[in-house]
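Peer 1: Could you look at this predicted model? Sequence included:
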Amino acid sequence: MAHRLAELFRYRDLVRNLVVSELKARYKNSVLGFVWSLLNPLGMMVVFTLVFGVLWPNNQIEKYPLFLLCGLLPWNYFSASVVSSMNSIVGNGSLIKKVYFPREVLPIATVLAQLANFLLAFIVLFAVLLIFRSNLSPWLWLLPVIILIQTAFALGIALILSTLNVFYRDTAIVMEVLMLAWFFLTPIFYSIKQLPTHYAFLGMNLDVHRIAYIVNPMASFVNMYRDMLYYGYRTDPDFFFRTAATAVVILAFGYWFFIRYSSRFGEEV
């Protein structure tokens with residue numbers, strides 16, 4: 001793995017060029033160009049605010065548009081990274097068969113392109129923060145670290161799923177359903193505090209809040225973003241390091257899994 005990491009570093013220019021190429025292809029022949037990265041989360045915020053703020057009002061959450069956007073942007077980044085990276089190997093089959101390069105640069109470039117869109121969307125987020133006069137956390141300087149940790153987690157998932165999709169082409173179909181379920185199980189348009197604290201199951205008294213954070217890493221990421229941008233808190237250090245450790249483990253496993261089967265990609269695609 002150390003040899004592959006060193007080789008990947010030598011191909012860093014290729015990664016950069018692929019990211020730029022993907023961004024250009026996304027906005028090619030588009031009238032508004034990168035402005036869509038701003039309008040997309042803003043439009044989704046308006047829709048969810050209309051549904052859960054007007055038609056089905058949630059009076060337990062103050063400044064609901066801000067609350068929603070702080071959870072929606074990280075989810076959009078993660079979802080777009082996972083969905084777009086699944087086809088990164090299969091969609092470049094002709095390139096893989098003709099030219100040698102570290103195959104991992106393809107899902108890495110895809111995730112980094114989504115990271116660029118995510119950072120652009122922060123223009124909308126900080127505008128909303130100013131409008132609603134949010135209480136920003138004095139620990140806001142940790143925000144880039146949280147983004148880096150989430151990128152590591154998204155990249156680990158991307159490496160795993162892009163590998164599976166080479167051998168099992170129905171991976172993308174299965175993930176459409178799983179991503180929808182994952183979205184509703186992540187506290188994006190609702191607060192995790194609205195979930196029952198305890199739930200009786202098969203004679204066991206389960207702590208729903210704790211299980212939601214343990215089973216669903218995206219719930220932890222959304223919580224950290226809201227601590228920094230919505231509540232103005234400092235994220236609990238134990239909570240922060242547990243989430244970071246989970247992301248590193250997922251990334252390490254995903255990279256190992258990808259390397260193990262990457263030699264067979266040319267035969268399968």
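Peer 2: Yes, it's here.
Peer 1: Just want the most central residue of the chain.
Peer 2: Central residue of the chain (CA atoms, centre = their mean): residue 78, 1.6 Å from the mean position.
Peer 1: Quick check: mean pLDDT of the helix or strand containing that residue?
Peer 2: Per DSSP states H and E, residue 78 falls inside helix 64-85. Helix 64-85 carries an average pLDDT of 89.
Peer 1: Quick one: list the elements packing against it.
Peer 2: helix 36-49, helix 105-131, helix 143-167, helix 171-185, helix 217-226 (3 or more CB pairs under 8 Å, 6 or more residues apart in numbering; DSSP states H and E). For the C-beta atoms, the positions are set from N, CA and C on the backbone; glycine is no exception.
Peer 1: Lowest average confidence across these, which one?
Peer 2: helix 36-49 - the lowest mean pLDDT of those, at a mean of 71.
Peer 1: Counting by contacts, list what that one packs against.
Peer 2: If you count contacts as 3+ CB pairs under 8 Å, 6+ apart, helix 36-49 packs onto helix 64-85, helix 105-131.
Peer 1: can you list those in a markdown table and add distance to residue 253?
Peer 2: Formatted as a markdown table, those follow (distance: least, CB to CB, whole Å):
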| stretch | distance to residue 253 |
| --- | --- |
| helix 64-85 | 16 |
| helix 105-131 | 14 |
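Peer 1: how about the strand or helix carrying residue 3: buried residues?
Peer 2: Element membership for residue 3 (DSSP H and E) is helix 2-10. Neighbour counts over helix 2-10 (16 or more other CB atoms under 10 Å) mark 4, 8 as buried.
Peer 1: what's it in contact with?
Peer 2: Residues from elsewhere that reach helix 2-10, judged by CB atoms under 8 Å, 6 or more residues apart in numbering: 15, 102, 104, 105, 108, 255, 259.
Peer 1: For the fifth one, which non-adjacent residue is spatially closest?
Peer 2: Nearest residue to residue 108 in three dimensions, chain neighbours excluded: residue 15, at 5.8 Å (CB to CB, 6 or more residues apart in numbering).
Peer 1: wait, that neighbour sits on residue 110?
Peer 2: No - the pair residue 15 / residue 110 is not scored as a contact, 10.3 Å apart, by CB atoms under 8 Å.
Peer 1: between those two, which one's more packed in?
Peer 2: More crowded of residue 15 and residue 110, by other CB atoms under 10 Å: residue 110, with 27 against 19.
Peer 1: Count the residues that sit near the closest residue to that one other than its chain neighbours.
Peer 2: Spatially, and ignoring its direct neighbours in sequence, residue 110 is nearest to residue 85 (4.3 Å; CB to CB, 6+ apart). Close neighbours of residue 85, defined as other CB under 10 Å, add up to 26.
Peer 1: With residue 153 instead?
Peer 2: Using other CB under 10 Å, residue 153 has 25 other residues around it.
Peer 1: same thing with residue 261?
Peer 2: Counted with other CB under 10 Å, the neighbours of residue 261 add up to 14.
Peer 1: you'd agree it is up against residue 165?
Peer 2: No - checked against CB under 8 Å, the pair residue 261 and residue 165 is beyond contact range at 11.3 Å.
Peer 1: In a strand, residue 61, correct?
Peer 2: No - under DSSP: H, G, I helix; E, B strand; the rest coil, residue 61 falls outside any strand and is assigned coil.
Peer 1: Residue 41 versus the residue lying closest to it once chain neighbours are set aside, what's the distance?
Peer 2: Nearest non-adjacent residue to residue 61, counting by CB to CB, 6+ apart: residue 67, 5.2 Å away. Distance, residue 67 to residue 41, using CB to CB, to the nearest Å: 14 Å.
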